[in-house]
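Engineer: What would the 3D arrangement of this be:
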Amino acid sequence: MERGLSAALATGSNDKYIESSSIMREPACSVTSDQYQLIIPRTPTLTGLALRLSVAVSEQPLVFSLYNRFVLPRQVPQFFQVSCCFIYWAPLMRITGSKTNGRMQILKSEAFPEEPRYVACFPPAAVDSESALFTQLLRRANGVPDVWSDLAYENAMRSLQANERVEAALKSLGHAGTTTCSTASNARPTILDYHHAYMQEWLTPSEVADRTIKFIESCNNKYQWLSAWSDDNIRQQAAAATARYAGGRPLSVFDGVPFVVKDSIDALPYETSFGTRFMGQRRPCTFDAPAVAALKSLGAILLGKAAMNEFGVMAHGFNTQGGTTRNPHNPNKMSGGSSAGAAAAVAAGVCPIAIGTDGGGSIRIPSGLCGVVGLKPTLGRLADDHAAHAGYTSIIVSGPIANSVADATLLYAVMANVNYPAAATANGIAHADAASVKGSNRGKAEAPVAAGTLAAACPRPLGLPAELLPLQQSNNVTQDWVLDGLKPLQGLIVGMDKRWASDCAPSVLEVVKATVTRLQELGAAAVDIALPELELIQVGHLVTFAKEMADEADKAGWLNDWNERYQLNMDTRLFYCNAATFTDEEYEQAQRMRTRGLVHFRRAFEQCDVIITPATPTTAADIPAGVHTTGVYDLKSTVETIRFSQAANFLGLPALVLPGGRERGMGMPVGVQFIGRPWAESTLLRAAAALEQQMFEDGMPRPVPSIVINPIQCEKGVHPMARALTQKLWAKKSSRKEYI
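Structural biologist: The predicted model follows:
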């Protein structure tokens with residue numbers, strides 16, 4: 001590597017920020033491997049008086065000014081850094097280990113020849129041609145038949161009508177009447193289970209609503225899954241659905257199906273409070289978000305707003321003032337966040353689907369910890385991506401949380417290809433131009449794409465799997481959806497960076513390895529891949545997320561409004577104190593890191609179709625003491641929890657999490673994650689559906705928690721076809737190999 005300012009100028013990089021002692025890294029295209037060295041912050045867990053004092057000191061402008069001027073620019077010994085400012089995000093994000101010069105500050109001490117990329121937006125035409133190229137590359141070298149293609153296994157449609165998209169999704173599912181994994185009557189029902197129960201007149205949406213309301217009333221104060229709900233509103237929606245079924249005119253398979261929405265997404269008649277006490281009044285909700293409006297148009301019943309931690313800035317689901325969401329598998333365990341209530345409600349059977357948001361794993365982390373399916377789509381795939389957040393962000397997207405892969409597919413179809421109404425855009429709910437983004441001095445080398453124009457910049461028809469799972473040809477209806485030795489993933493290549501994927505608890509790694517084995521039995525090939533410079537993705541994502549959140553809070557006016565700021569939880573206040581220290585130059589460095597990360601992942605996707613990792617390094621942790629009073633600030637735990645989820649957000653890639661098994665002994669769910677190429681949601685859904693079905697046939701149905709409701713359970717029980725199928729499969733359990 002070359003050193004110094006002259007090297008930076010020679011490569012054409014931005015010399016305004018590069019110091020004379022900076023190290024110029026090689027171009028990303030020349031880096032094929034490196035030493036795995038993710039940052040592990042060595043910080044104490046703050047709670048009680050220590051957290052209060054830390055916040056009090058952090059919010060003093062003089063302290064921050066002295067710290068930024070005299071401590072951060074110097075490579076001082078670690079003990080001095082920690083003793084001076086052991087509470088700060090900033091210094092801990094900026095340093096990483098190096099054998100050559102001790103502790104090195106990446107943001108100030110390294111230079112990158114790449115141009116910054118402010119939004120990971122992928123033109124569909126280029127991706128389509130690349131997909132065709134990827135299909136031909138390295139297949140023959142690995143001895144794998146050249147039969148897999150994201151496009152070949154995808155049906156594309158462009159429709160603004162939600163019912164048309166749902167019909168296309170139903171064709172993709174390839175069946176009618178039962179779900180892929182119908183289980184015992186005490187299990188969580190799926191969308192089609194609800195619809196079938198209503199069509200068979202086993203019970204009505206009003207009866208389901210009454211049962212659900214009773215369950216919420218008995219549980220919600222303990223477990224904090226919903227932050228706002230109205231029994232009168234639920235019953236009104238259910239009565240309308242009941243009348244439609246009675247008249248033989250249901251609007252869709254979603255008619256009468258309950259759902260919840262994360263509290264960062266607009267859904268009338270509720271406020272959008274982002275988990276806080278004041279945002280609902282500061283930013284009144286006047287429109288339904290596109291996905292919410294689409295679901296309502298299909299007859300789905302909105303139960304209410306799902307709980308979240310304030311502004312979604314942490315990954316644990318704790319909220320001192322709003323209530324800490326508890327995991328239905330074990331109420332003493334955390335649910336994960338920030339879409340905490342949404343994932344927990346689905347896991348508990350309150351509803352089969354929920355809408356969440358994901359900026360660093362906020363859909364996938366709680367889905368993995370609670371044992372449900374969570375999909376983070378490609379950046380720009382959904383109109384909701386940026387319109388339902390507290391300002392602009394280049395990494396947060398909306399997505400489905402669901403009981404099964406089939407349910408996730410149906411909800412994904414509803415959410416795609418919809419737009420905000422013109423009036424909402426005019427009122428600033430969605431950004432209308434890039435100038436609003438450049439106002440924070442972010443765009444220098446490249447103008448960012450504004451939230452409201454992202455979908456227009458990346459036009460893409462809805463892509464659904466041409467066939468989610470193959471149907472076994474048989475006249476016996478109970479054979480439908482039974483793989484029974486079929487290899488639906490023949491030709492798919494699954495890649496794993498063993499250094500990265502192995503950086504987890506042994507019990508989690510055991511499940512990931514078992515998942516790879518199952519995928520191979522389904523016809524997929526497994527290859528080793530290398531993803532260099534993962535620490536740059538880690539640092540770049542954290543800087544980008546923190547800087548964008550702080551800038552938007554400052555733009556909104558509440559960041560420096562002490563009356564409102566004092567209403568926040570202590571951990572949220574500490575986060576914003578430290579997020580505000582990042583400079584525009586450091587933000588630009590982070591965007592160069594994004595450019596490098598895209599190079600490395602594109603190279604990886606030349607060797608494989610899907611990258612597999614754990615969803616989280618561990619299963620759900622215990623809820624710490626003190627979380628209900630002053631809160632908890634645990635930077636080390638947060639950084640570790642998002643270890644596997646950051647890359648998809650920072651690079652705009654689609655990723656899906658589903659249950660891969662349970663932890664031995666404790667029995668908590670273990671999630672596995674699939675990361676795909678841009679726009680390759682169909683590939684992720686198809687691979688996940690095959691894995692889910694194979695696990696069911698191996699005697700491992702979806703994990704059902706100890707705290708659960710089946711709102712459609714009745715004397716008639718499960719559909720006879722589902723019961724016969726379940727009995728047949730469980731009879732074969734003893735002859736099948738169990739991996740975990």
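Engineer: Could you check stretch 494-512 and say which residues are buried?
Structural biologist: Neighbour-count burial for stretch 494-512, counted by 16 or more other C-beta atoms under 10 Å, picks out 494-497, 499-504, 507-512. No exception for glycine: its C-beta is placed from N, CA and C like everyone else's.
Engineer: can you give me the helices for the stretch 351-500 of the chain?
Structural biologist: Taking DSSP state H, counting those that start in this stretch, the helices of the stretch 351-500 of the chain run over residues 364-370, 405-415, 422-426, 435-438, 451-457, 498-501.
Engineer: For the stretch 301-450 of the chain, which segments count as strands?
Structural biologist: Listed in chain order, the strands of the stretch 301-450 of the chain (DSSP state E, counting those that start in this stretch) span 301-306, 326-327, 330-334, 353-358, 373-376, 397-402.
Engineer: Any chance you could list what contacts the fifth one?
Structural biologist: Contacting residues not belonging to strand 373-376 are listed as 339, 343, 356, 358, 363-364, 366-368, 397, 399-405, 407-408, 412, 648-649, 654-659, 681, 684-685, 688, 692 [C-beta atoms under 8 Å, 6 or more residues apart in numbering].
Engineer: Please apply the same query to the last one.
Structural biologist: Counting by C-beta under 8 Å, 6+ apart, strand 397-402 makes contact with 265, 289, 291, 339, 342-343, 346, 352-359, 363, 366-367, 372-379, 381-382, 384-385, 388, 407-408, 410-412, 415, 649, all of which sit outside it.
Engineer: what about stretch 60-72, average pLDDT?
Structural biologist: In this model, stretch 60-72 has an average pLDDT of 57.
Engineer: same question, stretch 215-222
Structural biologist: 94.
Engineer: and that stretch, which residues are buried?
Structural biologist: Across stretch 215-222, burial judged by 16+ other C-beta under 10 Å covers 215-216, 219-220.
Engineer: export the residues you listed to a markdown table and tack on distance to residue 113?
Structural biologist: Output for the buried residues of stretch 215-222, formatted as a markdown table (distance: C-beta to C-beta, whole Å):
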| residue | distance to residue 113 |
| --- | --- |
| 215 | 58 |
| 216 | 55 |
| 219 | 55 |
| 220 | 53 |
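Engineer: Can you lay out those as TSV showing secondary structure?
Structural biologist: Compiled in TSV, the buried residues of stretch 215-222 are given as follows (DSSP: H, G, I helix; E, B strand; the rest coil):
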residue	secondary structure
215	helix
216	helix
219	helix
220	helix
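Engineer: Relative to residue 708, which of these is nearest.
Structural biologist: Nearest to residue 708, judged by C-beta to C-beta, of the buried residues of stretch 215-222 is residue 215 at 9.3 Å.
Engineer: Check whether the closest residue to the closest one other than its chain neighbours sits in a helix, strand or coil.
Structural biologist: Nearest non-adjacent residue to residue 215, counting by C-beta to C-beta, 6 or more residues apart in numbering: residue 709, 4.5 Å away. Counting by three-state DSSP, the backbone at residue 709 sits in coil.
Engineer: Give the burial count for residue 709, as a bare number.
Structural biologist: Using other C-beta atoms under 10 Å, residue 709 has 20 other residues around it.
Engineer: Out of the buried residues of stretch 215-222, flag the one nearest to residue 269.
Structural biologist: Out of the buried residues of stretch 215-222, the member with the shortest distance to residue 269 (by C-beta to C-beta) is residue 216, at 16.9 Å.
Engineer: show me the residues around the closest one that make contact.
Structural biologist: Here residue 216 is in contact with 225-226, 229, 303, 350 (C-beta under 8 Å, 6+ apart).
Engineer: Done for today, thanks.
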